[in-house]
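[1] Quick one, structure for this:
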Amino acid sequence: MFTHMKVLITGGSGLLGKAITKKLIAQKIEVVHLTRSKNSASGVKTYEWDWENNSIDEACFNGVTHIIHLAGAGIAENPWTMKRKRTIVKSRVLTARLIHQKIIQLNLPIKAFISASGIGYYGAITNQKIYTEQDNPHTDFIAQCCIQWEEAADLFNEKTRVVKLRLGIILDKNEGALAKILSIIKKGIGAPIASGKQYMPWIHIEDTVDLFIYCLMNENLNGVYNGVAEQHVNNKELTKSLASANKKKIWLPNVPAFIMKGIYGELADILIHGVRVSNKKILGTGFKFKFKSLEKAFHNIYN
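    Coordinates of the predicted model:
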C-alpha cells in the first residue's frame, strides 16, 4: 500500500466514476475529477478540461499518484452517425493523449494508469467461441474503437504501469443498460432482441468498482484483463431473468433484427450480436467476484 495516494479520475461524473469515487473516499483516499463542466456531484474537487481544444487545467495533476481513465461518450446512447462515431472514439483517445502529453511535459511521476476498455474489442458478432485476452480484435467499428482506446492507454507504458479492463455490460439499478431494458419491460413491451441467442457478458457495478480498485492497489498487475462475470448468458436469458426479478412477464415475440436496424442503424449490431468472454485471467491473479450469477446480481440489485 502506498503511504500517500491521490487518484485523478476522468469521466468521474459517470455511473462508474461516481461509484469508484465513493469507495475510494470511504477508504480515505483523495480523489479529484477531470470534467468538461464544473460539477462536484461526488463532493470532490473537479478540474475542467476541453479535449477538443487540447486544453486542461494543469492544477488537476498536483500530488496525483494514480489515474483512472473512464472518459468517453456513451456508446449506445445515440445512433452511430459519422459524427457520433468520431465523438465516441475521440472522447476516449484524445483525452488519454492529452493527459499523456501533459504528464511527459510536466515530468510527473505517476504510479499507474488504469483505463476502461470494452469487450467490443472482440466484435459485434455471435459464435460459440469463448474469447480470451490473447484473441485478435474484430474488424468492425466497435472493435476498432476499442483498439484505439487501448493504444492510447499504452502510451503510458514508457512512464508507468498500465492496466486496461475490457468491461462487459455493467449491471446497476439506476443507470446504464438494465434501467433502459427494464423501463421497456415495465411498459409491457420488453422482449428479447433478434435471435435472443447473442451473448451479453456482464459485470455487477460493485464488482466493477472492486476490480478498478484492485488494479489500482496491486502493483503486479499490468496489461489487459477482461472484466466480466463467469456466467455466460444470452440476451433471451438476461431479459427473462430481469423481468422475473421485477415480477414482470414477457409475452411478446422477439424484436426482429430488421426493426432494430431500422431504429438504430449500425448501432443495432452491438444489440443484435455478442460473444462469450472469459474472465480466467483476472481470476488467476487472485481477484474474486462477489456476483458470479445473474440471479445473485439481480437479487442484490432489486431486493
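
[2] can you list the weak-confidence ranges in the stretch 101-250 of the chain?
    For the stretch 101-250 of the chain, no stretch has pLDDT under 70.

[3] repeat that for 80
    Along the stretch 101-250 of the chain, the model assigns pLDDT under 80 to residues 189.

[4] for it, what spans make up the strands?
    112-118, 130-131, 161-167, 169-171, 202-204, 223-227 (DSSP state E, counting those that start in this stretch).

[5] got CSV for these, with distance to S37 and mean neighbour count too?
    Placement of C-beta: from N, CA and C, glycine included. CSV is the format used below for those (distance: least, Cβ to Cβ, whole Å; neighbours: other Cβ atoms under 10 Å):
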stretch, distance to S37, mean neighbour count
strand 112-118, 21, 25
strand 130-131, 37, 18
strand 161-167, 25, 23
strand 169-171, 23, 21
strand 202-204, 28, 23
strand 223-227, 28, 21
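
[6] just so I know, which of those strands lies nearest G72?
    The closest of the strands of the stretch 101-250 of the chain to G72 is strand 112-118. By Cβ to Cβ, the value is 7.3 Å.

[7] Run through the residues that contact W51.
    When contacts are counted by Cβ atoms under 8 Å, 6 or more residues apart in numbering, W51 is found next to A71, K90, S91, L94, T95, L98.

[8] Pick the one among those closest to L15.
    Closest approach to L15 among the contacts of W51 (Cβ to Cβ): A71, at 13.0 Å.

[9] Secondary structure element holding that closest one?
    Per DSSP states H and E, A71 falls between elements, in no helix or strand.

[10] so who does it touch?
    So A71 contacts T10, G11, L34, W51, S91, R92, T95 (Cβ under 8 Å, 6+ apart).

[11] circling back: for L182, find the nearest of the strands of the stretch 101-250 of the chain.
    strand 169-171 (11.0 Å).

[12] hmm, back to that, just put the strands of the stretch 101-250 of the chain in JSON lines and tack on distance to E77.
    Output for the strands of the stretch 101-250 of the chain, formatted as JSON lines (distance: least, Cβ to Cβ, whole Å):
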{"stretch": "strand 112-118", "distance to E77": "14"}
{"stretch": "strand 130-131", "distance to E77": "25"}
{"stretch": "strand 161-167", "distance to E77": "16"}
{"stretch": "strand 169-171", "distance to E77": "14"}
{"stretch": "strand 202-204", "distance to E77": "19"}
{"stretch": "strand 223-227", "distance to E77": "21"}
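
[13] follow-up on the earlier one: considering the contacts of A71, which possesses the most neighbours?
    R92 (30 neighbours; other Cβ atoms under 10 Å).

[14] Could you work out the end-to-end span of stretch 134-142 for me?
    18 Å (Cα to Cα, to the nearest Å).

[15] from now on call the first residue 41
    Happy to do that; since the first residue is 41 now, the last one works out to stretch 174-182.

[16] So in the chain, which helix runs the longest?
    helix 122-145 (DSSP state H).

[17] Buried residues in that helix, which are they?
    124-125, 127-140, 142-143 (16 or more other Cβ atoms under 10 Å).

[18] Pull stretch 163-171 out as CSV, backbone CA atoms only.
    The C-alpha atoms that make up stretch 163-171 are tabulated as CSV, following Å, rounded to 0.1, in the frame of the first residue of the first chain:
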residue,chain,number,x,y,z
GLY,A,163,-16.5,-7.5,-32.2
ALA,A,164,-20.3,-7.4,-32.6
ILE,A,165,-20.5,-11.0,-33.7
THR,A,166,-22.2,-14.1,-32.4
ASN,A,167,-20.5,-17.5,-32.3
GLN,A,168,-19.7,-20.3,-30.0
LYS,A,169,-16.1,-19.3,-29.2
ILE,A,170,-15.1,-18.1,-25.7
TYR,A,171,-12.8,-15.1,-26.2
